[in-house]
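Asker: okay, here's the prediction I keep looking at, along with the sequence it came from:
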Amino acid sequence: MSHSVYTLHAVQQRYGNRTTLNIGSLAVQQGEVLALVGPSGAGKSTLLRLLALLETPSSGDIGLCLDGQRLATHAAPVEQRRQVTMVFQHPFLLSRTVYQNIVYGLNIRGKADKSAVTRMLERVSLTHLAYTHAKKLSGGEMQRVAVARALVTEPRVLLLDEPTANLDPYNVRLIEDLICEQNKQFGTTIVIVTHNIFQAQRLAHRVGLLLDGHLIEIAPTEAFFNAPQDPRTQKFISGDLIY
Amino acid sequence: MQTLIDAFAEALRLIIALDPALIEIALRSLQVTTIALAISTLTGVPIGAWLALAHFPGKRLMTVFVYTGMGLPPVVVGLVVFLFLSRSGPLGDLGWLFTVPAMIIAQVIIATPLVVGVTMGSVAGVDPALRPQLRSLGATPWQVTWAQLYEARFGVIVGIVAGFGSIISEVGAVILVGGNIDGRTRVLTTAIVLETRQGNFDLALALGIILLSISFVANALLVGLQAQGRPVV
């Protein structure tokens, strides 16, 4: 039986006087793929940064439960933090080779495993570029390296912030296949932020709509798209939401 | 013109013959500069990285101090070190005036602000996206800082090169605090001044050629280090 990896209660994130996120409650189940959709500035990336333990909420509580013990995210020890990784929309790769970028996460854990990196290079179809400098890669290749360096650490939770924005269809399909495979084969819990509702439909078990920092609706993918409960969800899906 | 040609010929002869006096002076120059540069690098790089990454009240003022330090007149540095180390100065008991340690102190004071300033600029110039992305991969704050420094390595090496250049060719401070004592504190730059004043242009020029050669080799090594890891475009 699956349990909640994340539980959020009355979470607010404020920057100065501006409240960017205001979530009453949210639970992310172990092993699920949750897609967060919504227009720009809705608070999706803010929520993802909170889940990635990169920020602490201004108020409220985010609990992380990975080994049966629930911890407040700000108190999570480094071993727990290392089970959560995030891929950003604009990946920053180190000024090193593709191989060195992918092995980075293993190196900092003190367990550089060459065979794991080799396998990962094959999974992202970058074996031929292993010793190419990262700054010479195309946008799609860079994003694949970013996904690979996150996956090679075998995270229990993978957070993806618009991982395929501005990519060509080949790279989109490759990354989507990786996400599906990671979830199905390894049971990795995945939260993906995307503008692309079709992508959410293809990948997610559940979809949530964020507007103005509020979680408007969250439901299983089929119900979200076929029988939305909130009129704003319906408008967002049909492209009629004026924002 | 003939003097210049004769001087070049004499310079080559002294270098080829490995003139003991020349070698001694060159080695002392290298010793003083290498130790001073090592101290400046070991202190300046962490301070520069810290100034780039930390947020604290007075950071802007501190930055102004560092930038001012980058243009410190060596002769003023020499004068201050001289006053500190002179018999009546606060550090007079050390008895370091007119010794190699005094010359090293002066050179450290000249080079460190350059290393700090250039390191600070280079580390601050690293894409701010690096920090959250590496944190999200599980890096500890120290590991992230180390990665930032590594990303800024080309700039950091420029800072070290600048520090080296400022002290290997410096004469004002070392002549004040070292005294240009034969066999004890005479280095290439002070020896050039002395030989020129005495009209020994050939020897002065030979020393100058050695000074330039040392500078060239050291910079070539640093540039070689800098080029490592750069993408071949």
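Answerer: Thanks, I have the structure now. Nothing here was measured: the structure is a model prediction, and the numbers come from that model.

Asker: drop to CA atoms for contacts and neighbour counts, all remaining ones
Answerer: OK.

Asker: need the longest helix for the chain.
Answerer: Going with chain A. In terms of residue count, the longest helix belonging to chain A (DSSP state H) is helix A:169-186.

Asker: that was the other one, I meant chain B.
Answerer: Max-length helix for chain B by DSSP H is helix B:20-53.

Asker: run through who's touching the longest helix of chain A.
Answerer: A:31-33, A:123-124, A:140-141, A:144, A:147, A:163-164, A:188-190, A:203 (Cα atoms under 8 Å, 6 or more residues apart in numbering or on different chains).

Asker: so which of those is the closest to B:W142?
Answerer: Distance to B:W142, by Cα to Cα, is smallest for A:V147 among the contacts of helix A:169-186, at 23.4 Å.

Asker: these two touch, right, the closest one and A:F88?
Answerer: No: counting by Cα atoms under 8 Å, A:V147 sits too far from A:F88 to count as a contact (9.0 Å).

Asker: quick one: residues contacting B:A173.
Answerer: Applying Cα under 8 Å, 6+ apart, the residues near B:A173 are B:74-79, B:103, B:106-107.

Asker: gap between it and A:D240?
Answerer: 74 Å (Cα to Cα, to the nearest Å).

Asker: hang on, the earlier thing: from the contacts of B:A173, pick the one nearest chain A.
Answerer: Closest approach to chain A among the contacts of B:A173 (Cα to the nearest Cα): B:Q107, at 32.9 Å.

Asker: looking at chain A, which helix or strand is least sure?
Answerer: The weakest-scoring helix or strand in chain A, judged by mean pLDDT, DSSP states H and E, is strand A:70-72 (a mean of 73).

Asker: output the following helix or strand past that one as PDB, nothing but the C-alphas.
Answerer: Reading on from strand A:70-72 to the C-terminus, the next helix or strand found by DSSP states H and E is helix A:78-81. The C-alpha trace of helix A:78-81 is given here as PDB (Å, rounded to 0.1, in the frame of the first residue of the first chain):
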ATOM      1  CA  VAL A  78      21.400  15.200   4.000                       C
ATOM      2  CA  GLU A  79      20.800  11.500   3.400                       C
ATOM      3  CA  GLN A  80      17.000  12.200   3.000                       C
ATOM      4  CA  ARG A  81      17.700  15.300   0.900                       C
END
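
Asker: near chain B, which residues of chain A?
Answerer: A:52-54, A:78, A:81-88, A:91-96, A:105, A:108-109, A:133, A:135-136, A:150 (Cα under 8 Å from any Cα of the partner chain).

Asker: just the pLDDT for the closest residue to B:S29 other than its chain neighbours.
Answerer: Using Cα to Cα, 6 or more residues apart in numbering or on different chains and skipping residues adjacent in sequence, the residue nearest B:S29 is B:V187, 4.9 Å away. At B:V187, the pLDDT value in this model is 95.

Asker: which residues touch B:V187?
Answerer: Per Cα under 8 Å, 6+ apart, neighbours of B:V187: B:25-26, B:28-29, B:180.

Asker: against chain A, how distant is it?
Answerer: 40 Å (Cα to the nearest Cα, to the nearest Å).

Asker: may I have the phi/psi pair for that residue?
Answerer: phi -120, psi 180 (degrees, to the nearest 10).

Asker: ok, B:S213 next?
Answerer: phi -70, psi -40.
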